[in-house]
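In: Structure for this input, please:
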Amino acid sequence: MKELQDRVALVTGASGGIGAAIATALGRRGARLLLIGRDQKRLDQTALRASISGEPIPEKFAIDLTRDDDLTALSATIAQRFGVLDILVHSAGEYERGKTAEMPIAQLDRQYQANLRAPYLLTQLLLPLVSRNGGDIVFINSTQGITAGPDVGAYAATQHGVKALADSLRSEINDAGVRVLSVFLGRTATARQERVFLAEGRPYVPDNLLQPEAVAEMVATALCLERSAEVVSMTLRPSLKSY
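Out: Here you go, the predicted model:
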C-alpha cells in the first residue's frame, strides 16, 4: 500500500516548478490529485508526470486564485464530488522586486492578492473539508518570510504574513487533528529564479540551486509521518552557497 493511497490532495501552483514537483511526489505515493494553476497546458504536463504510476488520473482546474468567484466555485465542486480534502498545499504566488521607495503600490497589491489573500480565503473555504478526517495544510514559503533582504520588502511582507497565518491557524486547528506545515525555501531552480538572476545581472546556474524534486520529497516525507507527529516548519537551502 502506498503511503498516501486514495488521500485527496489539492496543490496550487501545480503548473510551476515546485508545485509540479510536489504534485508528482504525492501522486507517486498514491494520492488522488487536484491540480490548480493558470496555465492549462502546463497543468496537463504535470498531470502526465504525476500519473505515471497509474490511476487515478489527476484532475485539473485552470483558475485564477485571485478571483473570489473562482475559489468559491472550486470549493463547492470539491465538497460535492469528494466530500473531504486530506491535503492542501499552497504553492502558488507572485514575486516582484523593487526598492521600497520606488515600487508602485500596485505591485504590493498584486503580491498581497496572490501570496496572502488567496491562500487565506482558499484555506477558509476548504477548512471544513480538511478538518473532516484530520488532514494536512502545507504553506510553501520563502526564507524571505523569516528574514527579509534588500529590494524585496513587498514580497517579504506577504511571506511574513503567510508565516503568521500558518502559525495562528496551527494553534486553532491542531485540536481537530489537522497538521500545519510551513516550508521556507532558499533559492530553488525554477523559471522564477531564472528571472531573478537575470534581474540581478548574474549567470543562472540551476545545478547550484535547490532542486524542486528535493523540496517535494521533504514535503511528501512530512505528510507521510504517522499522525502522532507533526513537522511544524522546515527550512531548505542550496548546499552550494553560490550567491
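
In: From the rest of the structure, what touches the helix or strand where A20 lies?
Out: Element membership of A20, judged by DSSP states H and E, is helix 17-27. When contacts are defined by CB atoms under 8 Å, 6 or more residues apart in numbering, helix 17-27 is touched by residues 4, 9, 11-14, 33, 35, 37, 42, 45-46, 49-51, 53, 58, 87, 89, 91-92, 140, 185, 188-192, 212-213, 215-217, 219-220, 223. C-beta coordinates here come from the backbone N, C-alpha and C atoms, glycine included.

In: again with stretch 28-36
Out: By CB under 8 Å, 6+ apart, the residues outside stretch 28-36 that reach it are 1-15, 23, 26-27, 43, 46-47, 50, 52-53, 56, 58-61, 63, 65, 74, 78, 86-87, 92, 220, 224.

In: could you redo the last one with a cut-off of 6 Å?
Out: 2-5, 7-10, 12, 14, 23, 27, 43, 46, 50, 53, 56, 58-61, 220 (CB atoms under 6 Å, 6 or more residues apart in numbering).

In: next one: stretch 132-145
Out: Outside stretch 132-145, the residues that reach it (CB under 6 Å, 6+ apart) are 84, 86-91, 152, 156, 159-160, 162-163, 166, 177-186, 219, 223.

In: So which bits of it are buried?
Out: Buried residues in stretch 132-145, counting neighbours by 16 or more other CB atoms under 10 Å, are found at 135-145.

In: just to revisit the earlier point, make a ChimeraX selection of whichever of the contacts of stretch 28-36 turn out to be buried.
Out: To isolate the buried members of the contacts of stretch 28-36 in ChimeraX, using 16+ other CB under 10 Å:
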select :4,7,8,9,10,12,14,23,27,43,46,50,58,59,60,61,220
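
In: Out of the contacts of stretch 28-36, which sit inside helices?
Out: 23, 27, 43, 46, 50, 220 (DSSP state H).

In: by how many degrees do the helix or strand harbouring I137 and helix 17-27 diverge?
Out: For I137, the host element (DSSP H and E) is strand 136-142. Counting by axes from the mean of the first three to the mean of the last three CA atoms, to 10 degrees, strand 136-142 points 150 degrees away from the direction of helix 17-27.

In: pLDDT at S242, what is it?
Out: As predicted, S242 sits at a pLDDT of 61.
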